[in-house]
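# Give me the fold of what follows.
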Amino acid sequence: IDTTAGKGWFHMQPTTMTDELKTDMKMIKMRNYIDPKRFYKSADGYAGKVVQVGTVIEGADEFYSNRLTKKERRMNFTEEIMADRETTDYAKSKFQKLQ
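I've put the predicted structure just below:
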């Protein structure tokens with residue numbers, strides 16, 4: 001049984017699903033509710049599929065224009081969303097409306 005992604009995907013090996021990765025996948029799936037002003041295509045289910053995690057590295061020309069400071073950097077997607085002030089304010093206001 002071949003567990004890789006196949007020849008077209010260079011035989012990528014599946015990543016082990018940790019709790020942190022599962023949380024990030026849930027956040028990606030629910031991103032439409034996090035930022036109501038952006039449109040995203042529907043998120044597919046990821047059960048049984050190969051998932052790869054990477055790190056974004058900025059180019060040298062983005063040093064001043066589009067760079068995150070060390071204080072703004074987070075370990076994963078969930079922490080990054082939770083640290084965003086606008087997102088947390090929106091979530092709090094929506095929660096207050098539901099009460």
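# pLDDT score for residue 46?
If you check residue 46, the pLDDT there is 59.
# hang on, I meant residue 37
Looking at residue 37, its pLDDT stands at 77.
# Now do stretch 54-61, average pLDDT.
Across stretch 54-61, the average pLDDT comes to 76.
# Buried residues in the top helix by length along the chain, which are they?
Counting by DSSP state H, the longest helix found in the chain is helix 85-98. Neighbour-count burial for helix 85-98 flags residue 90 (criterion: 16 or more other Cβ atoms under 10 Å). Any C-beta I mention is one placed from the backbone N, CA and C, and that applies to glycine too.
# avg pLDDT for that helix?
87.
# just how off-centre is it within its chain?
Distance, stretch centre to chain centre, for helix 85-98: 19 Å (Cα atoms, centre = their mean, to the nearest Å).
# Could I get the CA-only coordinates of it as PDB?
Output of helix 85-98 as PDB, limited to C-alpha atoms (Å, rounded to 0.1, in the frame of the first residue of the first chain):
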ATOM      1  CA  ARG A  85      -6.300  42.400  17.800                       C
ATOM      2  CA  GLU A  86      -9.000  42.900  15.100                       C
ATOM      3  CA  THR A  87      -9.900  39.200  14.900                       C
ATOM      4  CA  THR A  88     -10.300  38.900  18.700                       C
ATOM      5  CA  ASP A  89     -12.300  42.100  18.900                       C
ATOM      6  CA  TYR A  90     -14.600  40.800  16.100                       C
ATOM      7  CA  ALA A  91     -15.000  37.400  17.900                       C
ATOM      8  CA  LYS A  92     -15.800  39.100  21.200                       C
ATOM      9  CA  SER A  93     -18.400  41.400  19.600                       C
ATOM     10  CA  LYS A  94     -20.100  38.400  17.800                       C
ATOM     11  CA  PHE A  95     -20.100  36.500  21.100                       C
ATOM     12  CA  GLN A  96     -21.700  39.400  22.900                       C
ATOM     13  CA  LYS A  97     -24.400  39.600  20.300                       C
ATOM     14  CA  LEU A  98     -25.200  35.900  20.800                       C
END
